[in-house]
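Asks: The sequence isn't on hand, but the structure is:
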């Protein structure tokens, strides 16, 4: 009985580690996605600024 209890506790601990790793992975994925979106927004802002400057210079 004690072996079975120890095994169950060990399995539960392993499941918690796996769940924690999955949560961490999701957090990393969302962080990377947010970073990518921010970078893309900045790039778009720069492009818009450059276009605006070019239009101002032409006029």
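Replies: Cool, the structure landed. The model shown is predicted, which means the values in this text are computed figures rather than measured ones.
Asks: tell me the SS of residue 14?
Replies: helix (DSSP: H, G, I helix; E, B strand; the rest coil).
Asks: Counting by contacts, list what the helix or strand harbouring residue 53 packs against.
Replies: In this assignment (DSSP states H and E), residue 53 forms part of helix 2-58. Judged by 3 or more CB pairs under 8 Å, 6 or more residues apart in numbering; DSSP states H and E, helix 2-58 is in contact with no other helix or strand. In this view, the C-beta of every residue, glycine as well, is placed from N, C-alpha and C.
Asks: and that helix, average pLDDT?
Replies: For helix 2-58, mean pLDDT is 85.
Asks: Tell me how far it lies from the chain's centre.
Replies: Centroid separation for helix 2-58 versus its chain: 0 Å, with CA atoms, centre = their mean, to the nearest Å.
Asks: Check the gap between residue 5 and residue 35 for me.
Replies: Counting by CB to CB, to the nearest Å, the separation of residue 5 from residue 35 is 45 Å.
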